[in-house]
Each structure stands twice: as structure tokens, then as C-alpha cells.
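Asks: Predicted structure and sequence below. I'll ask about it afterward.
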Amino acid sequence: MNTQKQLSDPALRTKALEALLIEKGLITSEAIDQVVAKYEQDIGPMRGAQVVAKAWTDSEYKKRLLKDGRAAVAELDFTDPHGAELAVVENTSQVHNMVVCTLCSCYPWAVLGLPPTWYKSFAYRARAVREPRGVLKEFGLEFPEDVEVRVWDSNSDIRYMVLPERPEGTESWDEERLAAVVTRDSMIGVAKPNVDG
Amino acid sequence: MNGIHDMGGMHGFGPIETEKNEPVFYEEWEGRVLAMYKETPVRMPGIGRARIESLDPAFYLASSYYEKWLHAEIRGLLEAGTFTWDEFEAKLALYQAHPEADLPAPNPAQVEESQTAFADSAASGEESADITKPAFSVGNRVRAKNIHPAGHTRLPGYVRGKVGEVAALYRPQLFQDAEPLSDHDGLQPVYAVRFDGREIWGPAAEPNSSVMLDMWESYLALERRI
């Protein structure tokens, strides 16, 4: 399996750790493989996109989602591995929401999977709260001054997801087609849904 | 603690670099670090995040997300008594000398036993629902306390001493700071509090911006209008 001779320091430490945990009867490599595969293949922003598309097309679901995010996404069988609360915050013509975790990198795993590197970067963590408009501009988003830019700093055990505004011209679209335009970044709040492909 | 992890508002980190189609894990070991963290049936003492926050600041800045996680995980397992430092060093030395050496043979029966024992201990350790009535209501003006504890806290430095408005009441959460701030250290009411950008950043604030923070009740004091 491991034929490469040049393992980095963290790779060697990880291997030493895995060996010890196997010897202590705490894990098997097969179980670790399965968890890795789950995060690489099954848990990702396509989940959040389904949630958003459902909220756009089902106003009762949207109400439940905004009231209790964790319970509403559990209806679609999406649950957080740590049972974390999920708060879903809605973009409107008056308020644009974006999410950050300045103290570490808290992220709504249940609906978006693992965070992208930029979300964990020192630059994003440092700047999103102080100059959100500047940050959004780097992502290609600008808002007039009468739109409040509201930044959610995930400092407790609550996780946040943004419910983007439904794009104009999509009134006749079904859930599947809608979900396809809901990007990860639009649910973090640094982009709009991508209707142009 | 006033540590390097408390990054909100810092200058000097440059533009945000994004990558199209980035992999979930860049290297194989990263996924294994995450999976071992989730799968290992061991309760580490204290708060996991505090172990990352108390890493040496220079190491914190120079290491990747999963490197920090790996170091904190090893430290947590040492603190839990799962293995000793000598044992870890011996294993590390083995793989440094023979990177291609196989992992030990698994013992699925023993793993199952460990998992069962862990699940049982988790069930018995649940906190009682001892919770005070919320002291604040939506619309109240509240001031974040000006605290500088040496231990773990979830109150970011940039918001300490600032005045905001209660926007929502969440379900109660366990207070996680290392140092108590009230007589009630267990489950506390948690509020969404909105802070205007100008209140936090002064004249440097961008127009019409705000920061929402989750506030355990003991972080807050009612701000009376003069």
C-alpha cells in the first residue's frame, strides 16, 4: 500500500498515531478508510443545495428551516456528526449574510461538508468581520450601501448556513434544476447562485 | 486566552486566495487525521479547541489546518493516557527509519469492545438540564464584558466591551470558558447579538455592516440608556 519512501513529517506522525491506536485496540484502518471515503464522496455542498432548492419551492419547509435548521435538514437525513445546531440565515433585498469563524474554522459540515481552504485561511478569518464588503469584492460581489452586510461569526456550537435569494427567471424551475445553481460559496455568503453556469 | 487564534480584525494577512476544484484532502494523511479524531473511542480531558489555541503561536501560524489538528490530537490522547510520549516516539522513530513498514494487524474484537464501552460512558455522562431563565429579551441593549482570561473563552477580543442588541434567543448551551463568569456555569441561555460595524471598528468601519455573535448569557450585561 504505502510504497512511497518520502513521507512528510506530518504523514509519519499520522502513521505512528494510527499504528498506536490500532495496537491499543481502538481503531481499524478499514474504519478510518470508510470515514475518509465518506467525506470525500458523500458529504458535501450538494446537500445544502438540496436544502436551499427545497426551501425555494416549499414555503412551509422554508419556515421550518429558518426556525430550526437542524430539525429541517434532518428531514432530508442530513445530520451533523457532533449534533451541532444549525441556524439558517436568509438573504433579502435589505440584508446580505455571510459566515465566518474567527476563532477557528467552524463550518456547517452536515450540509456543506468540509470547509474549503480559503474559509480556514487567516486572511478570511481576520478580515471578514472588519471589512466584509472588501472581502466580498474580492469574491466579485458588491452591494449598495442601503443593503446591510451582516457577518455571522460562529463563536459558539451553532453552525450557520446562508439561504441565498432565489434568482430571477427561475420561477418555473423544479428542485433539481434549482439545486444545480446553488453553489457552496453562495451558502457561505460570498457568492450568488450561479445561474449562468 | 488572548491567543494567536483570535484573529477577527487583524491586519496583514493579505488577499484571500481561493482555488477552483480543490480536493477534499490534499494529502492522504489529512483525511486519516480527521477520521481518527472522529473514530477513536477516547474521551480527551478538557476542551479540544483549547489544545489547538495553546499551540506555540509561531507553530500555529506556520502549520496547516490538519497539522494543527494532528498535534492537538496527539496531545489530547497523551493527556487521556491512551499512550505515553515514549510509546509515540518509538513508533515515530520506527516509521522514520522505515516509512514503508506496515501498520500493525488490527484487532476488530477489541475495537468493538472499546467502542461499546465508550458509547456506554457517553450515555451516562449526559448533563442535567439545569437551566436558568433567560435574563435578556430580544431588543435589549447589552454590553459584552471586558474580560481577558488566560484560559479558553469563546468571546472574541474584538467585541469585548462593545454594545449590541439582542436579536434572538437560541437553545441553551454548556458554558465552555475555562474561567467562570457567573454562579451558573452549566447550561446557559445563548443569544444572537447584533453589533453595528461602527461600534466595533469605529471610523474604520465599512458602511452599513454588522457582526452577529453567539453570546452565552454570562458574557453580557444589560446596558441601560442614559
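Replies: Received, thanks.

Asks: any chance you could map the strands in chain A?
Replies: A:85-90, A:95-100, A:148-153, A:158-163 (DSSP state E).

Asks: now do chain B
Replies: Using DSSP E, strands in chain B cover B:141-144, B:163-174, B:187-196, B:209-216, B:220-222.

Asks: got the contact list for the spatially closest residue to residue B:1 that is not a sequence neighbour?
Replies: Spatial nearest neighbour of residue B:1, chain neighbours left out: residue B:150 (5.5 Å); criterion: C-beta to C-beta, 6 or more residues apart in numbering or on different chains. (Glycine included, C-beta is placed from N, CA and C.) Counting by C-beta atoms under 8 Å, 6 or more residues apart in numbering or on different chains, residue B:150 touches B:1, B:178-179.

Asks: List the beta-bridge partners for the nearest residue to residue A:189 once chain neighbours are set aside.
Replies: In this structure, residue A:189 finds its nearest non-sequential neighbour in residue A:98, 3.1 Å apart by C-beta to C-beta, 6+ apart. Beta bridges link residue A:98 to residue A:151, judged by DSSP bridges.

Asks: Same list, the strands of chain B, but as TSV with mean neighbour count and mean pLDDT please.
Replies: Formatted as TSV, these follow (neighbours: other C-beta atoms under 10 Å in any protein chain shown; pLDDT from 0 to 100):
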stretch	mean neighbour count	mean pLDDT
strand B:141-144	19	98
strand B:163-174	17	96
strand B:187-196	22	96
strand B:209-216	26	98
strand B:220-222	16	97
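
Asks: Which one of the contacts of residue B:150 sits in the busiest neighbourhood?
Replies: residue B:1 (16 neighbours; other C-beta atoms under 10 Å in any protein chain shown).

Asks: residues in contact with the residue nearest to residue A:189?
Replies: A:128, A:132, A:135-136, A:149-152, A:162, A:188-190.

Asks: so how far is residue B:54 from the closest residue to residue B:45 other than its chain neighbours?
Replies: Once flanking residues are discounted, residue B:45 sits nearest to residue B:79: 5.3 Å by C-beta to C-beta, 6+ apart. Relative to residue B:54, residue B:79 is positioned 12 Å away (C-beta to C-beta, to the nearest Å).

Asks: higher neighbour count, those two?
Replies: Each of residue B:79 and residue B:54 has its neighbours counted (other C-beta under 10 Å); residue B:54 has more, 17 against 12.

Asks: That one reaches residue B:4, doesn't it?
Replies: No. Counting by C-beta atoms under 8 Å, residue B:54 stays clear of residue B:4, with 10.0 Å between them.

Asks: The contacts of residue A:98, buried ones only, as a ChimeraX selection?
Replies: The ChimeraX command for the buried members of those (criterion: 16 or more other C-beta atoms under 10 Å in any protein chain shown) is given here:
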select /A:128,132,135,136,149,150,151,152,162,188,189,190
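
Asks: Now flag whichever of the contacts of residue A:98 is closest to residue B:37.
Replies: Distance to residue B:37 across the contacts of residue A:98 (C-beta to C-beta) is lowest for residue A:188, with 23.0 Å.

Asks: what's near enough to touch that closest one?
Replies: A:98-99, A:112, A:119, A:162.

Asks: and residue B:120, what pLDDT?
Replies: Predicted confidence (pLDDT) for residue B:120: 85.

Asks: With that, I have no additional questions.
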